[in-house]
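A.B. asks: everything below, folded, please.
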Amino acid sequence: MDFVSPVLDVASLICNCVGDRADHLRRLPQNLKSLRTEREKLENVYKDVTERVEREENLEKKKRTNVVGGWIGRAEAIEKEVNELLDRCDEENQKKCFGTCCPRNCRASYKLAKMVREKMDAVAELQSEGSNFQEVAVPLPSPLVIERPLEEKPVVGLDSPFREVWRLLQDKQVGSIGIYGMGGVGKTTLLKKINNKFLQSSIKAFDIVIWVVVSRPTNLERVQETIRSRLQIPDDRWKGSEEDDMAAEICRILKTKKFVLLLDDIWEPLDLLRLGIPPLGDRNQSKIVFTTRSADVCGGMAAQKSIKVECLEEKEALSLFQAKVGADTLNSHPDIPKLAEMFAKECKGLPLALIVIARAMASAKTPEEWERNLQKLRLYPKDVAGTENDLFSVLAFSYDSLPDEATKSCFLYCSLFPEDYEIPSEHLIQLWIGEGFLDEYDDIQEARNQGGKIIQMLTHACLLEVGTASLLMDGEYLKMHDVIRDMALWLACEKGKKKNKFVVKDGVGLISAQEVQKWKDTQRIALWNNTSIEKLREPPRFPNTETVIGRMTRFMFPSSFFTNMSIIRVLDFSKVKIHKLPAEIGNLATLQYLNLSGTRIQYLPIELKNLKKLRFLMLDGLVGRIPNQMVSSLSSLQLFSMKFSSSWSPIYEIMLLEELEQLEHINDISIMLTSIQSIQRLFESHKLRRSTTFLRLVHCKGVNQVQLLSPSCIKELVLEICDELEEVKIIHFEKQVVPSKFSNQQCCFNHLLSVIIIGCDKLLNLNWLIHAPKLQYLSIENSEIIEKVIEDERSEGSEIESGLSVFSRLIDLFLLNLPKLESIYEHPLPFPSLRRITVWYCPRLKKLPFDSSICTSKKLENITGEQEWWDGLEWNDQTLMHNLTSYFQPLGSL
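C.D. replies: Okay, here's the model as predicted:
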């Protein structure tokens with residue numbers, strides 16, 4: 001019986017094993033059903049997870065986590081395995097013994113049953129894991145740069161500024177770069193081009209490029225949010241934080257990076273530290289580049305380099321215009337390409353204007369349409385499709401940003417001048433004062449100074465440009481871009497709603513009486529260049545007119561033209577060919593500014609004495625005489641100008657001076673004198689002496705010495721054909737200054753800017769000019785014996801005062817027909833401000849008093865003279881000669 005026990009143990013094990021397999025087989029149908037259920041649950045969880053992943057990847061630009069990525073891969077793999085297993089189970093189920101429920105192959109069925117159980121558990125585990133994901137994706141690592149959309153076609157006209165900015169970005173000494181220019185000139189396009197340059201894989205110099213549109217009004221919180229988003233600062237470190245905390249977090253991160261911050265469309269200086277931008281330094285070599293319409297913002301942002309974006313050249317402008325019009329339209333008629341050139345010229349190189357106008361013409365396929373629209377663009381630009389909304393409204397942001405109504409009025413006033421007209425800045429400021437824009441300043445010089453600040457503000461805002469007129473004796477010239485002018489007229493006419501509020505006519509010929517009758521609501525009238533008004537049947541009514549400007553035209557005053565001007569302030573008829581002024585002008589009680597310079601008026605009406613509010617009276621070049629007691633009756637007169645006249649006499653001059661002296665408010669006199677008695681009368685009067693800003697001495701017989709009293713307010717001095725004049729002396733506090741010595745007296749001609757000497761044959765030198773440290777313009781012509789401009793006599797013991805810098809402000813120097821001139825100055829001078837020097841027939845002048853610094857000056861433009869004279873110059877420094885040769889222009893080449 002000993003063998004029975006082992007046999008029973010084996011039998012027990014066999015039974016247990018068979019029972020376990022039988023149990024798997026018995027539970028197989030239920031497990032298959034459960035597997036299918038778990039598979040469906042897993043599929044649903046899979047869909048939920050993948051949808052969350054796709055949403056966050058596509059919309060939030062995130063990346064799936066490694067855990068989720070692994071789970072999705074395992075879920076996809078197990079789904080495939082489950083499907084295959086279920087298919088095998090279905091096949092095995094078809095192989096049961098005939099007429100029974102038993103599988104033909106128990107062993108194979110058992111394996112399947114076991115796999116079903118294992119997969120069921122695995123699927124359930126995956127399903128549970130997928131249901132508990134708190135986070136499926138995380139933010140992507142910040143890319144170096146995010147591309148900004150640009151036109152597919154090459155950007156026109158920005159290659160030069162782009163190369164300059166890109167060069168500066170590589171310069172370790174430059175941290176901040178300002179890009180400025182007028183609205184619509186292409187600053188944002190240039191900044192986008194710079195941004196996209198960083199997309200090139202070869203550029204690895206920086207960690208991150210951040211683009212921020214600032215715009216107006218400036219919102220620092222929005223700027224910080226843009227930077228925060230780009231730096232991917234988490235919400236839990238940001239939401240609910242104070243401004244200082246947000247700035248600190250931005251600063252903490254940026255300090256660890258070498259960044260480029262691109263700020264577009266800045267209207268006022270930003271406090272970068274307040275934003276959280278760390279100071280730029282040598283440590284991280286980060287950069288800031290910004291765009292603005294104002295050069296002042298570049299200064300306020302402490303830009304180390306400022307680059308102005310200019311309008312396109314004519315060829316570039318035409319290329320841009322043609323590209324936007326399209327080849328289909330350009331080729332639709334042979335005349336259209338030539339008309340397209342005319343359109344492009346009207347836009348004066350402003351890219352925004354070129355684009356807007358080109359889009360408006362893109363569908364015009366006949367030359368007649370082009371001609372009609374060209375006429376419309378020239379006369380009524382606002383009527384061209386798109387100009388109001390897409391052009392003028394954009395440009396008007398610069399106007400809106402001006403600080404006050406006075407500055408805005410001064411800007412709009414510039415639109416009264418014709419296209420391409422260069423406006424003398426001094427004359428413009430006088431008009432502004434006459435209009436009352438600067439009435440808060442009682443003193444005329446203070447008002448002038450404020451006018452100068454406004455001009456600077458407008459030029460820095462790229463709303464005005466510096467003109468090209470070169471004669472400094474006439475002062476600075478200004479001009480307005482044609483498109484800016486069109487926008488200014490649109491604004492002045494209340495965005496086109498009041499078409500005749502500003503009436504500007506240039507070269508239109510005869511204006512009909514019917515059109516004049518429409519001007520009853522006009523505020524300002526400007527008639528230019530051969531424009532006149534036909535004879536009127538009845539007096540016109542101008543109840544709202546404050547300004548009438550008639551220039552360079554044959555203006556014939558219609559009958560009773562001035563009768564109905566109840567609020568007129570400014571009448572400017574300079575250079576108008578009129579011979580008579582109607583007496584009714586004396587009834588203009590509100591008139592403050594009257595300019596009759598360059599007219600042909602034979603007799604001024606005595607009724608002018610009634611103009612009790614007149615502050616400015618300009619009579620330069622007056623042909624006739626001024627009635628007695630007229631000037632002294634102008635009780636409010638502050639400025640009187642008669643720089644030249646053809647009907648002068650010593651008695652008449654003295655009478656005029658005496659009348660001017662009677663005026664309480666006079667403080668600016670420009671006058672020509674022709675006799676020694678007149679000169680003495682001028683300098684005997686303290687009021688006249690301190691009020692005279694322009695003095696012209698012409699044909700002064702018997703005058704061999706001119707004694708200028710110091711201190712002096714004279715800005716411009718002209719000595720013309722004074723044949724017997726030998727020297728100019730300065731009387732300083734009743735003490736004579738020896739003109740041939742370099743005195744240590746304080747500067748006594750601090751206001752003197754321009755000196756012109758013509759035909760003074762006995763004048764030996766101009767040593768007294770050392771007392772004019774701010775002299776900007778010097779012209780000496782037709783003087784027979786002058787040998788030295790300034791004679792250096794330091795060897796006699798006198799020294800130039802250390803603070804007295806000879807010719808340091810000189811901009812223009814003209815030396816014409818001076819046969820004995822040998823020297824300008826004995827020793828080299830830096831001439832830091834010199835732009836132009838012209839020398840003609842000065843055969844003995846063999847040296848120019850330049851030191852080596854003139855070569856590094858960025859001001860010098862040209863040296864003009866005869867080629868023979870230039871070739872005969874003697875040089876102590878040959879390098880200086882070679883460097884200056886490129887500036888020389890022979891007289892024949894001009």
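A.B. asks: going forward, measure contacts and count neighbours with C-alpha atoms only.
C.D. replies: Noted.
A.B. asks: excluding sequence neighbours, find me the nearest residue to residue 633.
C.D. replies: In space, and not counting its chain neighbours, residue 633 is closest to residue 609: 5.3 Å by Cα to Cα, 6 or more residues apart in numbering.
A.B. asks: that neighbour contacts residue 635, correct?
C.D. replies: No - using Cα atoms under 8 Å as the test, residue 609 is too far from residue 635 to be in contact (9.1 Å).
A.B. asks: quick one: contacts for the residue nearest to residue 633?
C.D. replies: By Cα atoms under 8 Å, 6 or more residues apart in numbering, residue 609 lies in contact with 586, 629, 630, 631, 633, 634.
A.B. asks: write the PyMOL selection for whichever of those are buried.
C.D. replies: Of those, the buried ones go into a single PyMOL selection, burial set by 16 or more other Cα atoms under 10 Å:
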select buried, resi 586+630+631+633+634
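A.B. asks: ok, so of the contacts of residue 609, who is nearest residue 395?
C.D. replies: For the contacts of residue 609, the minimum distance to residue 395 (Cα to Cα) is 42.0 Å, reached by residue 586.
A.B. asks: OK, contacts around that closest one?
C.D. replies: Here residue 586 is in contact with 607, 608, 609, 610, 611 (Cα under 8 Å, 6+ apart).
A.B. asks: so how far is residue 685 from the last one?
C.D. replies: This points to residue 611. Applying Cα to Cα, to the nearest Å, the value for residue 611 to residue 685 is 26 Å.
A.B. asks: strands of the stretch 451-600 of the chain, start to end?
C.D. replies: Assigned by DSSP state E, counting those that start in this stretch, the stretch 451-600 of the chain shows strands spanning 465-466, 477-479, 502-506, 509-511, 524-528, 531-533, 547-551, 570-572, 593-595.
A.B. asks: show me what the second one is packed against.
C.D. replies: Based on contacts counted as 3 or more Cα pairs under 8 Å, 6 or more residues apart in numbering; DSSP states H and E, the elements that strand 477-479 packs against are strand 423-424, strand 465-466.
A.B. asks: what's the last one in contact with?
C.D. replies: Outside of strand 465-466, the residues that reach it under the criterion Cα under 8 Å, 6+ apart are 459, 476, 477, 478, 479, 480, 481.
A.B. asks: before we move on, the earlier item: okay, the contacts of residue 609 in TSV with distance to residue 76, pLDDT and secondary structure next?
C.D. replies: Below are these laid out as TSV (distance: Cα to Cα, whole Å; pLDDT from 0 to 100; DSSP: H, G, I helix; E, B strand; the rest coil):
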residue	distance to residue 76	pLDDT	secondary structure
586	100	93	helix
629	109	94	coil
630	106	95	coil
631	103	96	helix
633	104	96	helix
634	101	97	coil
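A.B. asks: quick check: the farthest pair among the contacts of residue 609?
C.D. replies: Taking Cα to Cα as the measure, the contacts of residue 609 span a maximum distance of 14.5 Å, between 586 and 629.
A.B. asks: before we move on, the earlier item: now for the contacts of strand 465-466, which pair is the farthest apart?
C.D. replies: 476 and 481 (16.7 Å).
A.B. asks: more neighbours: which of those two?
C.D. replies: residue 481 (22 against 18; other Cα atoms under 10 Å).
A.B. asks: worst mean pLDDT among the strands of the stretch 451-600 of the chain?
C.D. replies: Per-stretch mean pLDDT for the strands of the stretch 451-600 of the chain is lowest at strand 531-533 (a mean of 83).
A.B. asks: in the chain, which helix or strand is least confident?
C.D. replies: strand 735-737 (a mean of 47; mean pLDDT, DSSP states H and E).
A.B. asks: so which elements touch the helix or strand just after it?
C.D. replies: Going down the chain from strand 735-737, the next helix or strand is strand 754-758, by DSSP states H and E. When contacts are defined as 3+ Cα pairs under 8 Å, 6+ apart, strand 754-758 packs onto strand 716-720, strand 777-781.
A.B. asks: just say helix, strand or coil for the nearest residue in space to residue 457 that is not next to it in sequence.
C.D. replies: Nearest residue to residue 457, sequence neighbours excluded (Cα to Cα, 6+ apart): residue 296, at 7.8 Å. Three-state call for residue 296 (DSSP: H, G, I helix; E, B strand; the rest coil): helix.
A.B. asks: check contacts around residue 296.
C.D. replies: Counted by Cα under 8 Å, 6+ apart, residue 296 has contacts 457, 460, 461.
A.B. asks: now the strands of the stretch 451-600 of the chain in JSON lines, with mean neighbour count and distance to residue 197?
C.D. replies: As requested, the strands of the stretch 451-600 of the chain are exported to JSON lines (neighbours: other Cα atoms under 10 Å; distance: least, Cα to Cα, whole Å):
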{"stretch": "strand 465-466", "mean neighbour count": "18", "distance to residue 197": "32"}
{"stretch": "strand 477-479", "mean neighbour count": "22", "distance to residue 197": "36"}
{"stretch": "strand 502-506", "mean neighbour count": "20", "distance to residue 197": "46"}
{"stretch": "strand 509-511", "mean neighbour count": "15", "distance to residue 197": "54"}
{"stretch": "strand 524-528", "mean neighbour count": "23", "distance to residue 197": "49"}
{"stretch": "strand 531-533", "mean neighbour count": "20", "distance to residue 197": "53"}
{"stretch": "strand 547-551", "mean neighbour count": "21", "distance to residue 197": "52"}
{"stretch": "strand 570-572", "mean neighbour count": "23", "distance to residue 197": "54"}
{"stretch": "strand 593-595", "mean neighbour count": "22", "distance to residue 197": "56"}
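A.B. asks: mind putting those in CSV, distance to residue 199 included?
C.D. replies: CSV is the format used below for the strands of the stretch 451-600 of the chain (distance: least, Cα to Cα, whole Å):
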stretch, distance to residue 199
strand 465-466, 36
strand 477-479, 41
strand 502-506, 50
strand 509-511, 58
strand 524-528, 53
strand 531-533, 58
strand 547-551, 56
strand 570-572, 59
strand 593-595, 60
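A.B. asks: what about residue 210, which SS state?
C.D. replies: strand.
A.B. asks: err, residue 641, not the other one
C.D. replies: strand.
A.B. asks: restrict the helix or strand containing residue 229 to CA atoms and write it as CSV.
C.D. replies: Counting by DSSP H and E, the element that carries residue 229 is helix 220-231. Taking C-alpha atoms only, helix 220-231 is exported to CSV below (Å, rounded to 0.1, in the frame of the first residue of the first chain):
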residue,chain,number,x,y,z
LEU,A,220,2.6,99.5,-19.7
GLU,A,221,0.5,96.6,-18.4
ARG,A,222,-0.2,95.4,-21.9
VAL,A,223,3.5,95.7,-22.8
GLN,A,224,4.5,93.7,-19.8
GLU,A,225,1.9,91.0,-20.6
THR,A,226,3.3,90.6,-24.1
ILE,A,227,6.8,90.2,-22.7
ARG,A,228,5.5,87.8,-20.1
SER,A,229,3.8,85.7,-22.7
ARG,A,230,7.0,85.5,-24.8
LEU,A,231,9.1,84.5,-21.7
